[in-house]
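Q: Return atomic coordinates for the entry below.
(one chain, ligands or ions: 1)
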Amino acid sequence: MNKVVVMASGEGSNFSAIVDRGIEVDRVITDNPNANVIKRAEKVGVPVFAFDRKEGDRKYGSGWCDRMVDESIPEDVSLIVLAGYMRILSPYFVKKWVDKIINIHPSLLPAFGGGCHAIKDAWEHGCKVFGVTVHWVIEEVDAGPIITQRAIHKFDDDTLESITDKIHRVEHYVYPDAIKKLLQGET
Ligand code: GRF
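A: Presented below is the predicted three-dimensional model:
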């Protein structure tokens, strides 16, 4: 049986989209005890492993959170799904789980990778085409092999808000689609 772990630090709308598409999530791991994803997970009965990254780093040093995360991943995990996880994973973690970690990024990578403001950066750059990318995670941020992408064209009446909204809506079907295919061995 497939074992999917979702790692998220914030809102958790992608987590909900994944669950709503019938993908069974074994657990959610978050480095932010105030993340809304916790409420979303509790609502659908998915166990949450929450750590306070800032507090832990301050008390125990910077490797602490990564060790906690690592210990929370079941050995027989099928897929580790990053969905707005706002911490760069340690090289040790990435090496250990290589070929099992995927991420979604709100741009057409390799454009506008490596930051937290990809949509705004693309908007300010004057892009006419936006998009989302699902990719394998490697040590270099947002640089792993691409699994799938979708382009979103900007219309004359689009605003940063409307484009942001469209991108998130596209994420919510592209990510579950990609996960389903990976779990079925189709990609
Ligand atoms: C998404 O836009 C995703 O592309 C990026 O982080 C955001 C997470 O949103 N990596 P949510 O927490 O799933 O609502």
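
Q: Check D57 and give its pLDDT.
A: pLDDT, D57: 76.

Q: thought it was touching M68?
A: No: in this structure D57 lies outside contact range of M68 using C-beta atoms under 8 Å: 10.8 Å. In short, each C-beta sits where N, CA and C put it, glycine included.

Q: Is the residue in the chain that the ligand sits nearest to in a helix, a strand, or coil?
A: Closest approach of the chain to the ligand (C-beta to the nearest ligand atom) occurs at G84, with a separation of 2.6 Å. Classification of G84 using DSSP: H, G, I helix; E, B strand; the rest coil returns coil.

Q: Check the one 10 residues further on too.
A: When classified by three-state DSSP, V94 comes out as helix.

Q: quick one: average pLDDT of the helix ranked longest in the chain?
A: Longest helix in the chain, counting residues (DSSP state H): helix 160-183. When pLDDT is averaged along helix 160-183, the result is 98.

Q: again with stretch 19-38
A: Mean predicted lDDT for stretch 19-38 stands at 96.

Q: Number the chain from 44, please
A: Shifting the count to begin at 44 puts that one at stretch 62-81.

Q: Flag every residue of the chain that's near the ligand.
A: 51, 53-57, 126-127, 147-149, 211, 214 (C-beta under 6 Å from any ligand atom).

Q: what does the longest helix of the chain rub up against?
A: 45, 47, 56-57, 60-61, 63-64, 66, 121-122, 124, 126, 145, 147, 149, 162-163, 166, 173-175, 177, 190-191, 193, 195, 197, 201, 230 (C-beta atoms under 8 Å, 6 or more residues apart in numbering).

Q: Those residues in helices, which ones?
A: Using DSSP H, those in helices are S56, N57, A60, I61, D63, I162, K163, W166.

Q: Which among those residues count as buried?
A: S56, N57, A60, I61, I162, W166 (16 or more other C-beta atoms under 10 Å).

Q: Now for the residues you listed: which two are most distant?
A: I61 and W166 (26.6 Å; C-beta to C-beta).

Q: so what's the spatially most central residue of the chain closest to, chain neighbours aside?
A: Among the residues of the chain, A126 comes closest to the average C-alpha position under C-alpha atoms, centre = their mean, at 2.1 Å. Computed as C-beta to C-beta, 6 or more residues apart in numbering, the closest residue to A126 that is not its neighbour in sequence is N57, at 3.9 Å.

Q: And what about the residue located most distally from the centre of the chain, helix, strand or coil?
A: Of all residues in the chain, D199 has its C-alpha farthest from the mean position, at 29.8 Å, by C-alpha atoms, centre = their mean. Under three-state DSSP, D199 falls in the coil class.
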